[in-house]
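Chemist: Give me coordinates for this.
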Amino acid sequence: LGTVLIDYMGDRFVCQTIVPGILQGEKCHSLEYGAVESTSPLKYQEEFHKLVEANLGQSFFCGTRAISRCPLDDARLEEIEKLREAQSSSALNGPQLATAEPIKEEDKLNTTQVCGPVEAKGIKGSDQRLYILDLSRLTPRDANWVPKEKGGTGRWEEAYTC
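Modeler: Have a look, this model is predicted:
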């Protein structure tokens, strides 16, 4: 996706082009990795995960980790549900919180593999190409802590051997 980062008068804006088919309904694109709503269980597709690991993980030194398929605990989910109820009873016509799919008990117990930030999501567009979105919380490893043979500076090795 075309992405631009703009810092203007103390505010930061991240602007992206639109994934092909995303505005034409659910039939034109599919969620392959992650979740669109924070209250939905994370999806995992092995082929997509391997691509993320090979490209994003190795380039930015981000490891894969196991996390719960439902990363929010029950207290946070109840808080979100109360906000939804308050918003639906409100007379304001502002943007509505999306209704998430119901969470199954097995989703709370099962884990999935994630490479990158938990907010990231992988989508297959209507052009059948794969896109990854919401990488703004990606925090790559400091190159000073990566060995020289893996593309880092290797400075930690020098400090450790002294």
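Chemist: Please report the residue range of the longest helix in the chain.
Modeler: The longest helix of the chain (DSSP state H) is helix 74-89.
Chemist: For the nearest residue to S126 once chain neighbours are set aside, list the residues it contacts.
Modeler: Leaving aside its chain neighbours, S126 sits nearest to G21 (2.6 Å; criterion: Cβ to Cβ, 6 or more residues apart in numbering). In this view, the C-beta of every residue, glycine as well, is placed from N, C-alpha and C. Going by Cβ atoms under 8 Å, 6 or more residues apart in numbering, G21 touches C28, H29, G125, S126, D127.
Chemist: and what of S38?
Modeler: Contacts of S38 (Cβ under 8 Å, 6+ apart): P71, L72, I80, E119.
Chemist: Check these for burial and list the buried ones.
Modeler: Buried members of the contacts of S38, scored by 16 or more other Cβ atoms under 10 Å, are P71, L72.
Chemist: from the contacts of S38, which single one is nearest N55?
Modeler: Among the contacts of S38, E119 lies closest to N55 (Cβ to Cβ), at 18.0 Å.
Chemist: nearest spatial neighbour of that closest one, skipping sequence neighbours?
Modeler: D134 (4.8 Å).
Chemist: can you tell me how far that neighbour sits from D73?
Modeler: Distance, D134 to D73, by Cβ to Cβ, to the nearest Å: 21 Å.
Chemist: Assess the claim that the residue nearest to E119 and G122 are in contact.
Modeler: No - using Cβ atoms under 8 Å as the test, D134 is too far from G122 to be in contact (10.0 Å).
Chemist: Can you pull the residues that touch both of those two?
Modeler: Common contacts of D134 and G122 (Cβ under 8 Å, 6+ apart): G34.
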